[in-house]
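1. Return atomic coordinates for the entry below.
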Amino acid sequence: PGLAPHPGWCLLRGEIIVPDNHSSQLQLKSSECCWAGSDSTQVVLSLWAQLSLRSDTGTINNPPQAALPPPIRVSVGCPRQVQLSVWDADGDNVRCRYGHRERGECQRCSQSPSLRLDEEHCVLQFSGSGSEGLFSLELMVEDFAPRNLSFTPSAGHPSPTGPLSSTPFQITVIVEGGGVSCVDSQPVLGSDCPPGGTRLAVLPYQLLNFTVTAHCRTDRVSDVAVVGPPGLKVSTLHKTNQGEGAESRVSLNIVWLRGTNQLPPLLPVCFSANTAWMQSELHCVWIEQKPPDPTPPGTVLQCGRGEMMLSMPLSSLPPRLPSFTLQLQDPACAITANTTHLLAHIPLQRCGTHRLEEDSAVVYVNILRSRPGPSSGSLSNPITRSPILLFPLACRYSRRGRAGSRAGFTVVQPPDSETFGQFYFWLEFSRPGRAQSRTEQRRWRGVARAGPTGQGWKAVTQAGRGETLQLSVCSNSSETRAELLVESCEGRHANGSLAQSLVQRGCVGNSSLQVLSQDPSKKIYMIQLDSLLNGSNEVFVQCSVRLCVSHSSSQHCPLPCAPPSTLQLSAQSQLYTVRTGPILITGQNASTAGPSDSTGEGSGSR
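-> So this is what the prediction gives:
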């Protein structure tokens, strides 16, 4: 999640699921190893909660939640206040305190004189003095109810002035050396970041997407540390103005798609920016998992092979909301209506439809919503009307036919020709700095499930032993938004045996291969022939490739060498195999090796 204070740090967080018929006190205690590095001190977690029925809500009491932040960094000589983000679903007052040894709430039970805790407001105050080092704070978060609150059953309920529950909250603070400007050297989160404490409501299968920006006047922003719930996706850090003397600016995207889960209704996401010397203000926002509104009577959503089909009575729409004001995730996709019903055919691969991978199923999600209202106010402080209607649409396709799927369909991807039009791939070998030309073209049709293989090239390029050549992996598609993804490449001997693996899962895995450029339709590499020979005098390169189209203009296809994700925000073709013609290795040098370039080509269509 971040590089500072050192790469590889991790945090431990847990939840306890209690049956809704539990109506008594809950006490738990656990210990784990260890705090940090060579420190073998046990981490002790002690929880106490009152789970009786409340008279004000009629439900069991909800213990307070605390947002677990990344490691907090402060600098000697720079006083700072850190607002700890806490939340209580019942609206009770929440306070923070240090754990007590006599109650078994802490192991170290130490308090640094330079770190003071404002218990009433849960604010950590650093005085700016004291010694450097790592400090572990073993805190407890407690909720206090209004005076007129009563419980059922009444036996065992807390005193009117006592806490209803105590939840462990343990954080790490690193005090680092000073000598820097407390103002100019501290990174600042951008004004477009969600403010701390913001609640972001999401419906089932709704996508949450927001951007975090940061800048620093004097130092380079090295990373943005992010801590959030399972399934949270964080993009790579985009950096600008990193030159000497220029203000450092960075940005990244945070994405979370609410699927089927047993997570708490409120989920924190905390983030902060780091330089080599200082850390920005901490922001924690809360994802609120809202229950869906009841489905309007008469609404039908059918899950077909390649599309969702929606029929909704016009009489179920909110007043003064005509059908022409509604849209899908992609507003360019049409929604029609007759005299009685709203109608929509929603492709699984277009119109902003997202794909979510679950253990036993694939879920396709879109949202029917009212178009944003006109903005008013100044440019710096616009006022935008919130959508009146926000209705999630989801089709869940079982991986095993009808098992566990109400729709009763297996997952069948549309033919590649429907998504990507007419397309083909080819590989080109050329010498650095030399114009590339396809001297021979052989096309094949993409029909085999395992990926068709191009064959039959007669053109042979001669190359000198030890020579470095330029390898271009190319695609051409009638769908202008299509991007080329190179999944793997390998060098092979003339008899087909493996000589050397070059690209694996999109990552360059061999020092003999270097990336020159990564364009949407062409990937160019430099390859050293020595690595492919192993006593052979004839070799070729074979690559597995596919096409990709993003579901939305605001999203992108997977980056090269990106980790696998359960959240797929793009449509991808099947995997195709394409190879170069053979390269004959001679003892000649690069300038006299041979007259022509080798091209292997393949196409995909139906």
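2. Surely P113 is in a strand?
-> No. P113 sits outside any strand when classified using DSSP: H, G, I helix; E, B strand; the rest coil, being coil.
3. Pull the contacting residues for it.
-> 127, 130 (Cβ atoms under 8 Å, 6 or more residues apart in numbering). Where you see a C-beta, it was placed from the backbone N, CA and C, and this is true even at glycine.
4. confidence score at it?
-> P113 is assigned a predicted lDDT (pLDDT) of 88.
5. same question, the one 3 residues further on
-> Residue-level confidence at R116 comes out at 93, pLDDT.
6. ok, and it, which helix or strand is that part of?
-> Per DSSP states H and E: R116 is located in strand 115-118.
7. can you list the residues that contact that strand?
-> 96-98, 123-127, 130, 135, 137, 139, 173.
8. got the contact list for stretch 327-346?
-> For stretch 327-346, contacts defined as Cβ under 8 Å, 6+ apart pick out 307-315, 317, 323-324, 326, 347, 350-354, 366-371, 393, 551-552.
9. Which positions within it qualify as buried?
-> By 16 or more other Cβ atoms under 10 Å, the buried positions in stretch 327-346 come out as 327-330, 333, 335, 337, 341-342, 344-346.
10. Which members of the contacts of stretch 327-346 occur in helices, if any?
-> Among those, no member falls in helices (DSSP state H).
11. among the residues you listed, which ones are buried?
-> 307-308, 310, 312, 317, 326, 347, 350-354, 366-370, 393, 551-552.
12. What distance do you get for the nearest residue to D56 once chain neighbours are set aside to H354?
-> Nearest non-adjacent residue to D56, counting by Cβ to Cβ, 6 or more residues apart in numbering: L149, 6.0 Å away. L149 is 43 Å from H354, where distance means Cβ to Cβ, to the nearest Å.
13. need the contact list for the residue nearest to D56.
-> 54-56.
14. Ok, Q572 next?
-> 485, 546-548, 557 are the contacts of Q572 under Cβ under 8 Å, 6+ apart.
15. Include pLDDT, neighbour count and distance to G177 when you put these into TSV, please.
-> Listed next are these as TSV, based on pLDDT from 0 to 100; neighbours: other Cβ atoms under 10 Å; distance: Cβ to Cβ, whole Å:
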residue	pLDDT	neighbour count	distance to G177
L485	91	22	45
R546	89	21	50
L547	90	27	52
C548	87	20	47
C557	78	21	43
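16. Quick check: of the residues you listed, which lies closest to L267?
-> C557 (27.4 Å; Cβ to Cβ).
17. Not including adjacent chain positions, what is the nearest residue to the closest one?
-> C548 (3.9 Å).
18. that older thread, where does the residue nearest to D56 fall, helix, sheet strand or coil?
-> Assignment for L149 (three-state DSSP): coil.
19. Look up how far E142 lies from it.
-> Counting by Cβ to Cβ - L149 and E142 are separated by 15 Å.
20. Selecting buried members of the contacts of L149 in PyMOL, what would you type?
-> Only the buried entries of the contacts of L149 go into this PyMOL selection, using 16+ other Cβ under 10 Å:
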select buried, resi 54
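21. Out of the contacts of L149, list just those in helices.
-> Using DSSP H, none of these sit in helices.
22. Inside strands: which ones of the contacts of L149?
-> In strands, defined here by DSSP state E, the members of the contacts of L149 are R54.
23. what's the closest of the contacts of L149 to F429?
-> R54 (73.6 Å).
24. Tell me who's in contact with that closest one.
-> 60-61, 90, 145, 149, 151.
25. number of nearby residues for E487?
-> 16 (other Cβ atoms under 10 Å).
26. before we move on, back to that, farthest pair within the contacts of Q572?
-> Every pair of the contacts of Q572 checked by Cβ to Cβ; the farthest is R546 and C557, at 10.0 Å.
27. Quickly list what's touching both of those two.
-> 485, 572.
28. Check the offset of the strand holding R116 from the chain's centre.
-> Computed by Cα atoms, centre = their mean, to the nearest Å, the chain-centroid distance of strand 115-118 equals 34 Å.
29. elements contacting the helix or strand just after it?
-> Downstream of strand 115-118, the first helix or strand assigned by DSSP H and E is strand 123-126. When contacts are defined as 3 or more Cβ pairs under 8 Å, 6 or more residues apart in numbering; DSSP states H and E, strand 123-126 packs onto strand 80-83, strand 115-118, strand 165-176.
30. Same list, those, but as TSV with distance to R492 and mean neighbour count please.
-> What follows is these, written out as TSV (distance: least, Cβ to Cβ, whole Å; neighbours: other Cβ atoms under 10 Å):
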stretch	distance to R492	mean neighbour count
strand 80-83	57	17
strand 115-118	62	16
strand 165-176	51	21
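31. Can you check which of those gets nearest to R481?
-> strand 80-83 (43.2 Å).
32. hmm, who's touching the closest one?
-> Contacts of strand 80-83 (Cβ under 8 Å, 6+ apart): 69, 72, 74, 121-126, 128, 196, 282.
33. Tally up the residues packed near the closest residue to C216 other than its chain neighbours, please.
-> In space, and not counting its chain neighbours, C216 is closest to P187: 4.2 Å by Cβ to Cβ, 6+ apart. Neighbour count of P187, defined by other Cβ under 10 Å: 26.
34. Same question for G128.
-> 16.
35. my guess is it meets V76, correct?
-> Yes. Between G128 and V76 there is a contact under Cβ atoms under 8 Å: 6.7 Å.
36. you'd agree T236 is up against C561?
-> No. Look at T236 against C561 with Cβ under 8 Å: they stay out of range, at 10.2 Å.
37. separation between the residue nearest to D56 and L53?
-> If you go by Cβ to Cβ, the gap between L149 and L53 works out to 11 Å.
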